[in-house]
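J.: turn this into a structure:
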Amino acid sequence: MAQAKNVTTNKGKVAKVSKRKATTAKKTKKTKTKITKNRAQFKAVPTEVKQKQKTEIIVTARRKRVAEKAKMRATMPSTPLPEVNRVRLTDVSGVVYDDPEYQRMSAMYESTIKDIKEGEIVNGTVLGVTRDDVIVDVGFKSEGIISISEFPAPLNIKVGDPIEVYLEQIEDSNGQLILSKQKADFMRVWEQIREKHDSGETIEGRISRRIKGGLVVDIMGVDAFLPGSQVALRQVPDFDALLNQTMKLKIIKINKARRNIVVSRRVVLEDEREDMREKLLEEIAVDQVRQGVVKNITDFGVFIDLGGVDGLLHITDMSWGRIRHPSELVSLGDKIDVKILDIDEKTSRVSLGLKQMTPYPWENIEEKYPLGKKVTGRVVSITDYGAFVELEKGIEGLIHISEMSWTQHIKHPSKIMNVNDMVEAVVLSVDKENEKISLGIKQMEPDPWNTIDEKYPIGKIITGKVRNLTAFGAFVELEEGIDGLIHISDMSWTKRIQHPSEILRKKDKIEVKVIKIDHDNRRISLGLKQLSEDPWPEIAKKYAVGTECLGTITKVMDRGVIVDLDNVVEGFVPTAQLGHKDLTNPTGVFKQGEQIPLQVIEFDRYQHKIVLSVSAYYKKRERTELDKFLSKYSVSENKPIADVMPEKMKQKTQDSTAKENEPAPSPENVPASETTPTDNVTETKSAETEENQTPSEPSSNKTDDNNEETETKK
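T.: The predicted structure is shown next:
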């Protein structure tokens, strides 16, 4: 429900008014306000009228003054004009024209006004030439203006010259004629251009200017477009060089509506090239000499334009000598004489030769470079296996790395020579068929091995410096470039040397004895033990088979122990001869430094081998003595060595065992080694056999400890 509001009346009483009535009263008040505003506007109107009246009053006063002057002029006396009667034109001139004359005069007048239409070619006269335009009169009520850019350069038009123009529009927004010189020229030559295009005939054109993508060509006064790709058979580096040149062209595309003409010079050149190609293929023959132009250069050769036919000049046929790239001999555009080597009729490919134009340098090569001749050349290339030397243009020889020094061990030819060095060499061999010459540098000096017997006779004691140590011996430098080898078996008469480092060090100066010279392999065998007498004859007497002795364990191995006999010689006791039947590995049972009773069961003077036995020693004694010995070296209290060995050592032990099971070589080639009488396995080879081994191939019958020690040294 609408709530009532208190309203004060004129009498001062407060009356209750509903919400609806209050809203209506509010609207009424707004309307009254509007009416009041309108009334205010009406009140302002009289003021404006007063202002207008005041203005009219001022104007009226001025008019009154003008009117007064007019009245004064009206009162002034006026002079009357004379009366003139009506006359005819014929009365003034005194000439009367009849109808024929009148018709003739009309025709003359009409001839001065031309009947022109849009889209036609009209004749005009040049009235003026400005910097930007040419003004032309075509007989119309207004002159036409043509842009000066439509006239070919240089401008050769002047005032008064007749000219044909194309009427595009009679009047533009400024009321002027729209004329075109280019369109007029195009319309005149269009028929000729169309006939040339349809018939495929060539047409001459002049290059007028360069634009984006090609050139503009003037053909019969009309501009045509020559694309850059159609200028020549090959890419043209500079289009500006072609300006103002006249050339034959062929129209390949026309569009009358757009006045577009596209021409090509490449098509004309291709046609000419094909004609020349057919003619050239009929005339060309193998062994002919032709002049050509270098068209293209690649890594493998040069393409020569012979005048319609392209031939390939391979890099191998460019020079008898060595070249890295064809650009060393020729350049683009060069004219050179070449010889036809081969023609493929199916593919029309032509093979060319340049070096065939000069004499073959390998002719009579045996007479030029006989064997043993000393020559001088320039190093042109160096490889891992040697150096190539240029003796003359087209002739090279190879100096192999093995022919560079008698004594030095050269790893790479670059260590002693460089490219472009001049070297002297001796001709070793000549192969004309394969074009090869072998050269040698070391032959320039005498071979020191020819006099090696005189310098180092067998048995001579000399002093040298230890240069290198290997697993099989030591290299001793006798002089610059000449080394000798002390094999490990020639280092001691009695001690079993596992590695040369046990008694020698690098750069040590030692005395050695020459024991052998191998001229074929260029090797000298040296001996260190040969400096003293051989003690084995005396040892043979002292340690004959059956001799009982006491030995000190110096080394324990898995297949036996090595013992020292009175600090004179070493002997070997196999595992099976240590008194234990069940013993498989003495390691852990016997210790280094312990003394054990032994009996010699095998003695080899020449192989320097002594084999001893504990079992043979106690065989002739009481059982109680053997039991006492066995109780001292009990097997049950010690774990097998394999259980406590590291994995790497286990693997080495297995490898050593496998090597031990290999068949033994013949006794005459095997030196003394620790072997059992039963398995007859030798430990090392003879001195001569190991001397012929390479440093990377040590003896395969080394002991396990020897292999382990060698591995550690490496």
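J.: CA only for contacts and neighbour counts going forward, please
T.: OK.
J.: spatially central residue in the protein, please.
T.: Asp299 (13.8 Å; Cα atoms, centre = their mean).
J.: list the contacts of the residue nearest to Asp453 when sequence neighbours are not counted.
T.: Of all residues not flanking Asp453 in the chain, Ile517 sits nearest, at 7.8 Å (Cα to Cα, 6 or more residues apart in numbering). Under the criterion of Cα atoms under 8 Å, 6 or more residues apart in numbering, the neighbours of Ile517 are 453, 458, 523-525.
J.: quick one: buried ones out of the residues you listed?
T.: Buried by 16 or more other Cα atoms under 10 Å: 458, 523-525, out of the contacts of Ile517.
J.: closest to Glu435 out of the residues you listed?
T.: Arg523 (34.8 Å; Cα to Cα).
J.: contact partners for the closest one?
T.: Per Cα under 8 Å, 6+ apart, neighbours of Arg523: 483-485, 517.
J.: again, but for Val379
T.: By Cα under 8 Å, 6+ apart, Val379 lies in contact with 387-390, 418-423.
J.: narrow those to those that are buried.
T.: 387-390, 418.
J.: and the gap between Glu272 and Lys295?
T.: Glu272 is 17 Å from Lys295, where distance means Cα to Cα, to the nearest Å.
J.: tell me which of those two has more neighbours.
T.: With neighbours defined as other Cα atoms under 10 Å, Glu272 and Lys295 compare such that Lys295 has more, 18 against 13.
J.: who are the contact partners of the more buried one?
T.: For Lys295, the contacting residues are 302-305, 332-333, by Cα under 8 Å, 6+ apart.
J.: now whichever strand or helix holds it: mean pLDDT?
T.: Element membership of Lys295, judged by DSSP states H and E, is strand 289-297. Mean per-residue pLDDT for strand 289-297: 87.
J.: give the buried residues for that strand.
T.: 289, 292-297.
J.: name the nearest residue to Gln356, ignoring sequence neighbours.
T.: Counting by Cα to Cα, 6+ apart, the residue nearest Gln356 is Lys339, at 6.8 Å.
J.: list the buried ones in the helix or strand that neighbour falls within?
T.: Lys339 belongs to strand 335-344 when elements are defined using DSSP H and E. Judged by neighbour count using 16+ other Cα under 10 Å, the buried positions of strand 335-344 are 335, 337-341, 343.
J.: circling back: for the contacts of Lys295, pick the one with the most neighbours.
T.: Most surrounded of the contacts of Lys295: other Cα under 10 Å gives Ile304, at 28 neighbours.
J.: pLDDT score for Ile486?
T.: On the pLDDT scale, Ile486 is placed at 89.
J.: swap in Ala15?
T.: Value for Ala15, per-residue pLDDT: 53.
J.: same check on Val379?
T.: For Val379, the model assigns a pLDDT of 91.
J.: what's the closest non-adjacent residue to it?
T.: For Val379, ignoring the flanking residues on the chain, the nearest one in space by Cα to Cα, 6+ apart is Val389 at 4.4 Å.
J.: quick one: that neighbour is in a strand?
T.: Yes. Counting by DSSP: H, G, I helix; E, B strand; the rest coil, Val389 is part of a strand.
J.: look up how far Ile121 lies from it.
T.: Distance, Val389 to Ile121, by Cα to Cα: 82 Å.
J.: Leu398 contacts Phe388, correct?
T.: Yes. Using Cα atoms under 8 Å, Leu398 is in contact with Phe388, at 4.6 Å.
J.: give the contact list for the nearest residue to Gly124 once chain neighbours are set aside.
T.: Nearest-residue entry for Gly124: Val138, 4.2 Å, with adjacent residues in sequence omitted and distances by Cα to Cα, 6+ apart. By Cα under 8 Å, 6+ apart, the contact set of Val138 is 122-125, 144.
J.: ditto for Asp317
T.: Taking Cα under 8 Å, 6+ apart, one finds 352-356 in contact with Asp317.
J.: okay, it: pLDDT?
T.: 86.
J.: do you know how far the spatially closest residue to it that is not a sequence neighbour is from Gly394?
T.: Closest residue in space to Asp317, ignoring its immediate chain neighbours: Gly353 at 5.0 Å, by Cα to Cα, 6+ apart. According to Cα to Cα, Gly353 and Gly394 sit 15 Å apart.
J.: more crowded one of these two?
T.: Taking other Cα under 10 Å, Gly353 and Gly394 do not tie; Gly353 has more neighbours (23 against 15).
J.: can you measure across stretch 132-150, start residue to end residue?
T.: For stretch 132-150, the end-to-end distance is 10 Å (Cα to Cα).
J.: should've said stretch 164-177
T.: Start-to-end, stretch 164-177 (Cα to Cα) is 14 Å.
J.: centre of the chain to that stretch, how far?
T.: 64 Å (Cα atoms, centre = their mean, to the nearest Å).
J.: what comes up buried for that stretch?
T.: For stretch 164-177, a neighbour-count test (16+ other Cα under 10 Å) marks 164-170, 176-177 as buried.
J.: is it possible to export the residues you listed to TSV including distance to Lys591, pLDDT and secondary structure?
T.: Converted to TSV, those look like this (distance: Cα to Cα, whole Å; pLDDT from 0 to 100; DSSP: H, G, I helix; E, B strand; the rest coil):
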residue	distance to Lys591	pLDDT	secondary structure
Glu164	131	82	strand
Val165	130	84	strand
Tyr166	128	80	strand
Leu167	130	81	strand
Glu168	128	79	strand
Gln169	130	76	strand
Ile170	133	76	coil
Gln176	133	75	coil
Leu177	132	78	strand
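J.: centre of the chain to stretch 548-567, how far?
T.: That offset, for stretch 548-567, works out to 69 Å (Cα atoms, centre = their mean).
J.: I should have written stretch 571-591 there, sorry.
T.: The answer for stretch 571-591 is 70 Å, by Cα atoms, centre = their mean.
J.: what of stretch 244-254?
T.: 42 Å.
J.: repeat for stretch 129-136
T.: The answer for stretch 129-136 is 61 Å, by Cα atoms, centre = their mean.
J.: averaged pLDDT, it. What do you get?
T.: For stretch 129-136, mean pLDDT is 85.
J.: first-to-last residue distance for it?
T.: 9 Å.
J.: can I assume Ile539 sits in a helix?
T.: Yes. According to three-state DSSP, Ile539 belongs to a helix.
J.: which residues are in contact with it?
T.: Ile539 neighbours (Cα under 8 Å, 6+ apart): Val569.
J.: and the gap between it and Asp490?
T.: 18 Å.
J.: do Glu533 as well
T.: 13 Å.
J.: for Glu424, same thing?
T.: Glu424 is 43 Å from Asp490, by Cα to Cα.
J.: looking at the two, which one has more neighbours?
T.: Taking other Cα under 10 Å, Glu424 and Asp490 do not tie; Asp490 has more neighbours (20 against 15).
J.: mind checking how far that one is from Val236?
T.: Distance, Asp490 to Val236, by Cα to Cα: 83 Å.
J.: and Ile178, by the same measure?
T.: Taking Cα to Cα, one finds Ile178 at 40 Å from Val236.
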